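Chemist: Starting from these lines, generate the structure:
(2 chains)
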Amino acid sequence: MTTTLWAATVLVCLLMYVVLDGYDLGIGVATLFERDPVHRRHMLESVAVGWDGNETWLILLGVALWAGFPLAFGTILPHAYLPMIVVLFSLIVRGVSVEMASQAPPAPRWTTAFSVASLLAAFGQGFALGTLTSAVHVRGNVYTGSAFGAFSWFCVLSGLTVTAAYTALGYAYTKHKSSGRLRESAARRGAAATAVGGVLLVVLLFTVDATAAPLDLDSPGRAFAFAGLLLFAAGGGATSLVTFPARRQFRAADSLPLGGLVIATVSVFLALAVARYPVLVPPGLSVDSAAGPHATMVFILVGIGLNMPLVLAYNVFAHRAFAGKFHTELPGDEPPAAHGPLVTGATLMTTRDPGHAASLPAPLRVVLRLLAAVVWTVLGLLAYFVCQGMFGGYRQIHSQLLTTLGMIAIALTGGIAWIVDERRPHDDA
Amino acid sequence: MSLLDLSRWQFAITVMFHMTFPAITVGLSIFLSVVYGMYWRTGKAVYLQMFRFWRRIFAVGFAIGVVAGAVITFQMGLNWGVYGAKTGPIIGPIIGMEVVTAFFVEAGFIGVLLYGDGRVRKGTMFVSTVMVSVGTILSSTWIIAANSWMQTPAGFKVVHGQFEPTDWMRVIFNPSFIWRWPHMLAGVLISASFFVAGISAWYLVKGRAKGFARCSMSLALGIAALLMPVQLYLGDSVAGHELPYQLSKLEAIEGNWDNGNTGFVLFSVPDQQAARNIAELDIPCLGSYIAKDLTCKTAMPGLKLTPAADRPDMAATFWGFRVMFLAAVLMFGTAFAATVLRIRNRLWTACRFHRFVLWTTPAGILAILGGWVTAEAGRQPWIVFGQLRTSDAVSRLAPGEVLFSVIGFSVLYLIMLVAYVVYIVRTMRIGPERDDPGQQPPPEDLPDTGRSRPAEDTAPRELPVPLGSREVAAR
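Modeler: Numbers count the residues shown, from 1 in each chain, chains lettered A, B, ... in the order given. Below you'll find the model as predicted:
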């Protein structure tokens, strides 16, 4: 029971990730085909506000697998080592370049890095998913496969399909969020991407039986659910294919392509999950054999399960905060301001009161300074040793307590000096 | 180089690169909350200017921290698959809680923090900023809980080689967690303080954006002065409470092979094979003093007490600790000097001190990295102390695969690090002048519903400080 529930949670994480990061990876792929730098900038900005939240689902997916099915986590990842490493590389480049390009525009090289990394990440994810169809080698709970043993032409096909689907999602989101010429081009290309993705998916579904992980449709319930979900997917795909080219400005023309694609994606994944449950990786790694101990399952179901509504609320908040079409004004684009007279050096700081020291003869001043330096250094070291607890070893005089009080006194002196200094008038202008 | 060495190097590189960024951004997110709170309350333009400027540096650092952190999670399965499968029932749920209680909070509100300025109400802006810092603090809590369990495992039993939790309270509040958590939290706050103080000092040295620089540096040094004494105390408590569980780590930290040295080894070149120090420099009696014995009679235990197969690498542990220790002395001295200068009202005229503070910018980050090297290298050869050896935890991958990823990560991270430093330097050169709301019409804030008082003194705005021609060209 707990195992099934947790398997469902893992599936939810996978679906959330594929849909959410799918659209933002897809926008990245789509920027490859976009010539207009302003449009590219708009698309990148729409990713910048949300990619972090979307990508967190990938981490949750990984950790959910790790916590609930530790054996699966420890074997699937080495099984898909190279594609996963490429995905991680690409996600690093992507995350950094998105922030670099939106914090310090125009940054054309970071924008290119963002597009290429998105493409690699999308393809790599599809490829990694594809490796789940090849047999995994496990001996005594330890993965013993070879570097390229998991690779096949099917992985390439799966990589292409996922890339096309992500791109279609990206265009649908762009159409949803944009207006004018960008919306038109997104509509045109989005329809093409949807068509390509659909064709690739059909090929994929027909060839999956030739791999080590054929679909299990023997029981009528499974076959029925599988067919029904695929029908659903076909409906969603058709909806977005039809509504993508709609040019008139009404809400459905913007939301239906995205909605249809989301339904199609979710349905396809559910259908595949139905047809494969409970096998995680062929031949023998199933949900039950990989499940963790009972105490862990209860902890994660309660702890992580109870947090799920909050997590969803944060996601909704993040997307609602930036609802609506793109803002044309971008942060960091402020025009340079007017300049006043040139002022350099620290000369304008509060001029120091020469004080009484200046009246003393020079050698005496040097001696006094040296003396002051020595005294302050000794005091500083003493304060250091007090805080560090060096004098805390003498129980008969409660020196540990005194040390603690001394540490607090030293910290408070710093705090009081701060407050006193803040309250003085400062010549900041 | 064996597969184990490659995997360990990869983990060391990725985890140290990752840690550099939380060392900056956890403290900086709290700094941003304070600054925006001050702006919301007082309406002073300089606080908004500080918020905007430091947010630029925070934004990219946060992004790098997030993506580099994702790598760590997946490496637990990719490179340490056996570890992942065996400790998954304990470490997995802890990291899972981190994801749902911390990562999603951060991710949900970071968008508003970074891009909401002028698009949302001030109250929403403030709440989002606070939520991001809450997320970063929760994140460090869970991650310290997980790592502390690996240092001092508790509340578990081993079934078929797999760790199973028996008491979650003892798993999470394991013996070393109680002290390491506040130690880490104070550490990230201090490292961010010195980072901020150092960059602000650069503007004071250059005489640019004085109001901004003074406010930033004052806040940063104030927090440092409050926390440095506490941090030394906490550090000592960590040593006192964790090391009895991990004597081999203590022995490696002290840098002695044989018992009987009452001095403090300041410098040494250890030879692990021959079990001796090739070169060594001691401060007499200081070791005994640090062990709270002022009579110079308490000697430090030597690493030969631990069987050779269970010894951590002394060089890494010893030098990791020395880096943390020396950086702490430096930072405590800086905070102490700042307090003295403040009492004498000389802090803002002490040009040499400003120049000195500029050089302490990375001190806190180095201390955190050194501390982690001590904690992790000192735990070796165990991955779960006393329970699971690191050599038994590694995935059986083809060495070529791991070599590819080690080289890939090294190159990629080097580029990212350089890019971030270049970005910080560029942002510093352009300066906070462009973030001054006095230089342009203030952002169109939506009508406020909060209890914020009407801005009383928006008048004392900074005079525009001009840019040099190169900086103008850079824009």
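
Chemist: for the host helix or strand of B:Phe62, packing partners?
Modeler: For B:Phe62, the host element (DSSP states H and E) is helix B:45-78. On a contact count with 3 or more Cβ pairs under 8 Å, 6 or more residues apart in numbering or on different chains; DSSP states H and E, helix B:45-78 meets helix A:51-68, helix A:70-79, helix A:81-103, helix B:3-42, helix B:81-98, helix B:104-115, helix B:210-242, helix B:399-430. Bear in mind the C-beta positions are built from the backbone N, C-alpha and C, glycine included.

Chemist: out of the ones you listed, nearest to A:Ala291?
Modeler: With Cβ to Cβ, the closest approach to A:Ala291 among the helices and strands packed on helix B:45-78 belongs to helix A:51-68: 6.6 Å.

Chemist: The closest one close to chain B?
Modeler: Yes. Helix A:51-68 lies within reach of chain B by Cβ under 8 Å from any Cβ of the partner chain, at A:52-53, A:55-56, A:58-60, A:62-68.

Chemist: Roughly how far does B:Glu401 sit from B:Gln10?
Modeler: B:Glu401 is 11 Å from B:Gln10, where distance means Cβ to Cβ, to the nearest Å.

Chemist: Among the helices and strands packed on helix B:45-78, show the one with the smallest mean pLDDT.
Modeler: Mean pLDDT is lowest for helix A:70-79 among these, at a mean of 82.

Chemist: Quick check: nearest residue in space to B:Trp80, chain neighbours excluded?
Modeler: B:Ala393 (5.4 Å; Cβ to Cβ, 6 or more residues apart in numbering or on different chains).

Chemist: just checking, the one you found touches B:Lys86?
Modeler: Yes. With contact defined as Cβ atoms under 8 Å, B:Ala393 and B:Lys86 form a contacting pair (7.3 Å).

Chemist: quick one: which of those two has more around it?
Modeler: Applying other Cβ atoms under 10 Å in any protein chain shown to B:Ala393 and B:Lys86 shows that B:Lys86 carries more neighbours, namely 26 against 23.

Chemist: and the nearest residue to the more buried one once chain neighbours are set aside, what are its phi and psi?
Modeler: Closest residue to B:Lys86 apart from its sequence neighbours, by Cβ to Cβ, 6+ apart: B:Gln162 at 5.2 Å. In terms of degrees, to the nearest 10, the main-chain angles of B:Gln162 are phi -110, psi 140.

Chemist: on that earlier part again, adding distance to B:Ile253, write the helices and strands packed on helix B:45-78 out as TSV.
Modeler: Output for the helices and strands packed on helix B:45-78, formatted as TSV (distance: least, Cβ to Cβ, whole Å):
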stretch	distance to B:Ile253
helix A:51-68	32
helix A:70-79	32
helix A:81-103	33
helix B:3-42	18
helix B:81-98	25
helix B:104-115	34
helix B:210-242	8
helix B:399-430	28
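
Chemist: Relative to A:Leu132, tell me which of those wins on proximity.
Modeler: Nearest of the helices and strands packed on helix B:45-78 (Cβ to Cβ): helix A:70-79, 7.1 Å.
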